[in-house]
Structures are given as C-alpha cells and as structure tokens.
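> this one's sequence-less:
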C-alpha cells in the first residue's frame, strides 16, 4: 500500500513514512516490467532527499538504530536509482513531449551535483 494509506494507522511519523516509502519505491523499481514512470522517479528522488535530510541534517543524532545491511541497501538503491534515471533521461526518443518538458522544467531531479553532495 502507499504511504498515504498507512497514515491513518501510523500517524504523521515522518521518519517511519520516509523509510516505508524508500522500501515502497525500491519494490516499484524491482517489480515494474515496463519501467518506472517519470513521476515515480521524481517522487522517489524527493523521498531520498527527505530521508537524507532527516538523518544527516539534524543537530542531534536520531534516536534510531537501523541494521547495517539496511543502511547499505538504502545507499546502494539511491545510487542505482540515480544511474537508472541517467539512462532514462538519455533516451529522449522514447519519451513523450510531456516527459521531455517535465525534464526541462525539473533539471534538479537526480542532478549529479545533488547526488554527489549527499554522498560526500
């Protein structure tokens, strides 16, 4: 189910919902035979930004312990989705006019500088 559907059960716990969405999008990327839509790619990117802002931009460390394997999987998936978006963006002949226009308007989505900034 979507994160929105879970809100009535878990409330507005931003960290929980962001971690859930990370797993949700990981599942979407792994299971969609025709590929991930531009909107899903953008939503996934925004969720990663939210997740890294929650974890890395705090004055105080979060009071949560995640398994090392899960942390590694999050970073690995972030890099995989960046690479996937780069491939998606380079194949403009297969994109609709709306997708191309959306890419032009949203040049910061999966921007290499933003990705490197997170990884640094």
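That came through, no problem. Source: prediction; values computed, not measured. Residues are numbered from 1 along each chain as shown.

> and the strands in this structure?
Taking DSSP state E to define them, one finds no strands in the chain.

> where in it is pLDDT low?
Applying pLDDT under 70 to the chain flags the ranges 58, 61.

> tell me which residue is most central in it.
residue 44 (2.7 Å; C-alpha atoms, centre = their mean).

> how about the nearest residue to that residue, chain neighbours excluded?
residue 25 (4.0 Å; C-beta to C-beta, 6 or more residues apart in numbering). For the C-beta atoms, the positions are set from N, CA and C on the backbone; glycine is no exception.

> neighbours around the one you found, how many?
Residues lying near residue 25 (other C-beta atoms under 10 Å) number 21.

> same thing with residue 39?
Residue 39 has 10 nearby residues by other C-beta under 10 Å.

> ok, back up a step: thought the residue nearest to residue 44 was touching residue 45?
No: in terms of C-beta atoms under 8 Å, residue 25 does not count as a neighbour of residue 45; the distance is 9.2 Å.

> any common contacting residues for the two?
Shared contacts of residue 25 and residue 45, defined by C-beta atoms under 8 Å, 6 or more residues apart in numbering, comprise residue 81.

> and the longest helix for the protein?
Longest helix in the chain, counting residues (DSSP state H): helix 68-90.

> give me the packing partners of it, helices and strands only.
helix 14-31, helix 38-56, helix 112-119 (3 or more C-beta pairs under 8 Å, 6 or more residues apart in numbering; DSSP states H and E).

> quick one: that helix to helix 14-31, angle?
60 degrees (axes from the mean of the first three to the mean of the last three C-alpha atoms, to 10 degrees).
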